[in-house]
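# following is a predicted model, sequence given first.
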Amino acid sequence: MGDTGPTGPVMDRDEVDRALARLGAEHEAIETSLLALQDHAGRRLLEGAELTGVTAERWSAAEASITLLWTYFDAYTGALRTAREIRARRRWSSREDLAELTELLRGEAVTVAGSAAATANAPTLNGGPGRLSERYSLAALVDRMNQLYATSLDMVVAADAVWSALPARIDLLAAELQRTRKLAHSVGVRPGEHPAGDDLERITRTLTRLREQVISDPLAFWTPAQGSSAPGGGRPDTTVYDREARALEEVRREIDAVLAVRQDAEQRIVRLRDVLSRADRTLAEARTARGEVLAKIAATEVPVVGGPPIVLQEQLAAAAEYRRHAQWHRLSPLLESLEEKAEDELLRARESLTAVTAPLAVRAELRGRLDAYKAKMARLGHAEDPELAEKYEKARRMLWSAPCDLRVAEQAVLRYQQAAAELLGAARRVPGQGGPVDRTGPGA
């Protein structure tokens, strides 16, 4: 067909029929999508909600877009119906019919009245706001509808995804929060008296405010997927929820610790009394030992022994009082601190006893060494050696007399050892050769 018009060559009957079939299929698909959007749970929720913030702004634009979508669809439907009527006039369309169909199917033959007011915030393809009517080709109208549909659906799906995910999770966390509050109250963890009680109050306020914000402004809690153009691509932002969930878990652990204190408080207090009692006895033993050392050992610096831990005893009495009045939240940190301090006190007492009795340990070691060498010399037949016996007796008198000068006594023991070694060396010397002095210990 050689005729041409403003839109190019006039379509033949086969081209018209194919175009009508394609446009009919597009019309059916668009209608299905628009009805699905109309019935979408998220759209119905948005329509009935009291919105604020970014959601209110975007829903206002989306409502205008959805209204414009139906206006475009009605215009598209009317143009398609007109084209079908023209094609149905005759089985074999005339040249005039084909020219009219070509203009309708390919040209800017669709007029959308009053679109300027509906698109005040969304410029059209054929000009900006201000026109009383606009003209589109069917293809351009389909592109425009697809664009508006994608942005509207993205907003609806995002809001619905947030509403489907966050409020239910917040409600579950709030229920757990209520159970925790009751448990906290039962063990004396209350606001103003325990940090965990203050935390519970703060979490309660935050969750209440978070739920209100999520309901009124769901898009403020939506994180779009990077690089995704699909409607609804993204995920709910659970940052605040996750933070409060962690905070509640920490509070629950604190309350569990208080419960544990309530369950075994008596045993822990008994153990604390035992540890502090042992520390007291050890210090008393150290003080007695110090007096003995000062009486029996001369020229020795003996450390001063400290007194019993009065502060710890007072804190232990306070712990018993807390237990008696069921003040578990106060008892919990006090017991933890006391248990650490009591063990430190027992260690200090033991170290004090060791330091005080060190001179007695030295004297005991010297006595043992002297007797061991004497026994060795007796086994070897030298017990009656007069010089050796004299040195032994001198060392013995120093070690078994009070006060004992350890430095002088040690020198006496060393002289006895040297005399014993020289005697053994002389006895073992081979004629004509020098031999080594016996330096072996008393057990050789």
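The structure has been received and is ready for your questions.
# got the contact list for residue 341?
Residue 341 sits next to 309, 312, 315 when contact means Cβ atoms under 8 Å, 6 or more residues apart in numbering. For every residue, glycine as well, the C-beta is placed using N, CA and C.
# I'd like the average pLDDT over the helix ranked longest in the chain.
For the chain, the helix reaching the highest residue count under DSSP state H is reported as helix 239-296. Averaged across helix 239-296, pLDDT comes to 88.
# pull the distance from it to the chain's centre.
With Cα atoms, centre = their mean, to the nearest Å as the basis, helix 239-296 stands 27 Å off its chain's centre.
# on contacts alone, who are the packing partners of that helix?
Using 3 or more Cβ pairs under 8 Å, 6 or more residues apart in numbering; DSSP states H and E as the contact definition, the elements that helix 239-296 packs against are helix 138-186, helix 195-216, helix 310-324, helix 328-356, helix 358-379.
# quick one, that helix and helix 328-356 angle?
Using axes from the mean of the first three to the mean of the last three Cα atoms, to 10 degrees, the inter-axis angle of helix 239-296 relative to helix 328-356 is 30 degrees.
# for residue 257, find the nearest of the helices and strands packed on helix 239-296.
helix 328-356 (5.8 Å; Cβ to Cβ).
# state the mean pLDDT of that closest one.
Along helix 328-356, the predicted confidence averages to a pLDDT of 87.
# coming back round to it: could you check the angle helix 310-324 makes with the longest helix of the chain?
Relative orientation of helix 239-296 with respect to helix 310-324: 130 degrees, computed using the same axes, to 10 degrees.
# run the angle between helix 239-296 and helix 138-186 for me.
Direction vectors for helix 239-296 and helix 138-186, defined by the same axes, to 10 degrees, enclose an angle of 30 degrees.
# name the next helix or strand downstream of helix 239-296, please.
Secondary structure here is assigned by DSSP states H and E; on that basis, the next helix or strand after helix 239-296 toward the C-terminus is strand 297-298.
# contact partners of that next one?
Counting contacts by Cβ under 8 Å, 6+ apart, the residues outside strand 297-298 that touch it are 359-360, 363, 403-406.
# could you rerun that using 10 Å?
Among residues not part of strand 297-298, those counted as contacts by Cβ atoms under 10 Å, 6 or more residues apart in numbering are 358-360, 362-363, 401-409.
# one more: stretch 15-30?
The contact list for stretch 15-30 (Cβ under 10 Å, 6+ apart) reads 1, 9-12, 69, 72-73, 76-77, 79-81, 83-84, 86-87, 93, 97-98, 101-102, 104-106, 138-139, 141-142, 145-146, 149.
# which among the residues you listed end up buried?
By the neighbour-count criterion of 16 or more other Cβ atoms under 10 Å, the contacts of stretch 15-30 include these buried positions: 10-11, 69, 72-73, 76, 79-80, 83, 86-87, 93, 97-98, 101-102, 104-106, 138, 141-142, 145, 149.
# out of those, list just those in helices.
Reading helices off those with DSSP H, I get 69, 72-73, 76, 79-80, 83, 86-87, 97-98, 101-102, 104-106, 138, 141-142, 145, 149.
# how long is stretch 377-395 end to end?
Across stretch 377-395, the terminal residues are separated by 15 Å (Cα to Cα, to the nearest Å).
# please state the offset of that stretch from the chain centre?
In terms of Cα atoms, centre = their mean, the centre of stretch 377-395 is found 76 Å from the chain centre.
# residue 107 contacts residue 83, doesn't it?
No - checked against Cβ atoms under 10 Å, the pair residue 107 and residue 83 is beyond contact range at 11.6 Å.
# can you list residues touching both of those two?
When Cβ under 10 Å, 6+ apart defines a contact, the residues bordering residue 107 and residue 83 alike are residue 138.
# burial count for the spatially closest residue to residue 318 that is not a sequence neighbour?
Nearest in space to residue 318, with sequence neighbours left out and distances taken as Cβ to Cβ, 6 or more residues apart in numbering, is residue 334 at 6.7 Å. The tally of other residues near residue 334 (other Cβ atoms under 10 Å) stands at 17.
# contacting residues for residue 334?
Taking Cβ under 10 Å, 6+ apart as the contact definition, residue 334 lies against 261, 315-316, 318-319, 322-323, 327.
# what's the closest of the residues you listed to residue 387?
Closest approach between these and residue 387, by Cβ to Cβ: residue 316, at 62.7 Å.
# so the nearest residue to the closest one once chain neighbours are set aside versus residue 312, what's the distance?
Here the nearest residue to residue 316 in space, its sequence neighbours aside, is residue 272; by Cβ to Cβ, 6+ apart that works out to 5.7 Å. As judged by Cβ to Cβ, to the nearest Å, residue 272 and residue 312 stand 9 Å apart.
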